[in-house]
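**Q** Provided below are the primary sequence and the corresponding predicted coordinates.
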Amino acid sequence: MRAQGREVVRVENLVKDFRVGFGIRKRRVLSDVSFSALEGEIFGFVGPNGAGKTTTLKVLMGLIRPTSGSASILGRNVAESEFRDQIGFLPENPYFYPFLTAREILDFYARLSGVDSSLRVRRVDELLNLVHLEHAADMRLKTFSKGMLQRVGVAQALIHDPSVIFLDEPMSGLDPIGRREIREVILALRATGKTVFMNTHILSDVEMICDRVAIIVKGAIRQQGRIADLVGAESREVQIVVAGLSADAAHEIELGQATLISGSGDHVEFRADDKRVQDILRVVLRCGGRVLSLSPLRPSLEEVFMAAVAAAEEDR
C-alpha cells in the first residue's frame, strides 16, 4: 500500500444547477458532491456518460462556478488564479494547430506557460521522451494518430512541471496500444511524486493504475475509496480447477458442494463457497483427481460500478 500524502484536491458539498429553456427551470447536474485526492496518487473519477464528471472538472479548473459548496486545489480556492502555475490540464477533446510539429507546439505552450527561455529546449526534449514521441518530434501534428495526439496533450499539460495534473477522458477513443502508452505515462508521473486526477469511464484502466476512486452517477457520489476496499479484500467464494476427474465425480461435487463452471475430464472448473473447499478437495482426492489451482474470487470494479448505477436507478 502506498503511503498517503496530504490532501491536494478537496471538493465539499458541491452543487451545480444549470438553467434550461428560457431560464425559468433549473436542472441539477451535481448534488452534494464531496471527495478528496491525495498527494502522489492516481485518483480515478469514474462515472457513465452524463454523470457529472466533466462538470466537476470544469468547476475545479475555474471554468464554471458552483451553485453552492466549495472546491480547492493545494489548499487554495479554485476561484483564485495565483496557484494555477502548479496545475496541468488535458481536456477531453484538445485541439492543436495541425500545421505545427510536436516540438513546435510544445515550445509554443512552454512560452505561454512562462518557461524560461534557457530551459525550454531541454524541457521540450524531456517531455517528448517521456511520452515516447522523440521519433516524431519534427512531424506535423496533422499526420499524428489519436493516440499520438493524446500523448502530445499529456506533454503540454506537463510543460511547466505542475504538481497536480487533471486528465479528462485520457483513454477515450484509443486502441489497446494507445491506452497502454497513456497508462505508462500516468504511472511514470506518479513515480515522480505527481498527483494525477483522471476522469474516465474505462474501468479496466482505473482498476490497473488508480490508487483510489470515486464513482459518480446522476450527479451524486455513490462509492469512493481504495479500489481494494471497494471490491472487497476478502472473498467468500473460490474457484477450483481440477484435472483427472471423472464425470461422475464432477457431478457429485456439483450436486453437493459447488457450481460447475465449465469443462470435463482433464480440466474442470468449480465455483464454491470457501466453507466447502475442504469437502470438495476430499472428493477430488478420493476420486483420483488433481488440484491445478485454487484462487479466491472477488468482485471486479465493473461489478461495483454497475451496482452503483443500479442503486441510482432505484433511487429515482
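**A** Looks like it came in fine. Everything numeric here is computed off the predicted structure, so don't read it as measured data.
**Q** A helix includes L63, no?
**A** No - L63 sits outside any helix when classified using DSSP: H, G, I helix; E, B strand; the rest coil, being coil.
**Q** Compute the number of surrounding residues for it.
**A** L63 has 13 neighbours, counted by other CB atoms under 10 Å. Every residue, glycine included, has its C-beta placed from N, CA and C.
**Q** Could you number the chain from 896 rather than 1 from now on?
**A** Understood, numbering begins at 896; the last thing we discussed is L958.
**Q** buried stuff in the strand or helix carrying V1049?
**A** Taking DSSP states H and E as the definition, V1049 sits inside helix 1041-1053. Going by neighbour count (16 or more other CB atoms under 10 Å), the buried part of helix 1041-1053 is 1042-1053.
**Q** what helices or strands is it leaning on?
**A** Applying 3 or more CB pairs under 8 Å, 6 or more residues apart in numbering; DSSP states H and E, we find helix 1041-1053 packed against strand 982-985, helix 997-1007, helix 1012-1025, strand 1059-1063, helix 1071-1086.
**Q** Who are the packing partners of the fourth one?
**A** By that I understand strand 1059-1063. Here strand 1059-1063 touches helix 948-955, strand 982-985, helix 1041-1053, strand 1090-1095, going by 3+ CB pairs under 8 Å, 6+ apart.
**Q** Quick one: work out the angle between it and strand 1090-1095.
**A** Relative orientation of strand 1059-1063 with respect to strand 1090-1095: 10 degrees, computed using axes from the mean of the first three to the mean of the last three CA atoms, to 10 degrees.
**Q** Next: the third one.
**A** Between the direction of helix 1012-1025 and that of strand 1090-1095, the angle (the same axes, to 10 degrees) works out to 50 degrees.
**Q** Show me what helix 1012-1025 is packed up against.
**A** Secondary elements touching helix 1012-1025 (3+ CB pairs under 8 Å, 6+ apart): helix 997-1007, helix 1041-1053.
**Q** distance between it and the chain's centre?
**A** 28 Å (CA atoms, centre = their mean, to the nearest Å).
**Q** Next, the angle helix 1071-1086 makes with it.
**A** For helix 1012-1025 against helix 1071-1086, the angle by the same axes, to 10 degrees is 130 degrees.
**Q** List the buried residues in helix 1012-1025.
**A** 1015, 1018-1019, 1022-1023, 1025.
**Q** Nearest to D1033, out of the residues you listed: which one, please.
**A** Looking at the buried residues of helix 1012-1025 and their distance to D1033, the nearest is L1023, at 10.0 Å (CB to CB).
**Q** Relative to D980, how far out is the closest one?
**A** Between L1023 and D980 the distance is 22 Å, computed by CB to CB, to the nearest Å.
**Q** Please apply the same query to S963.
**A** Using CB to CB, one gets 28 Å for the distance from S963 to D980.
**Q** and what of A997?
**A** From A997 over to D980 (counting by CB to CB), the distance is 23 Å.
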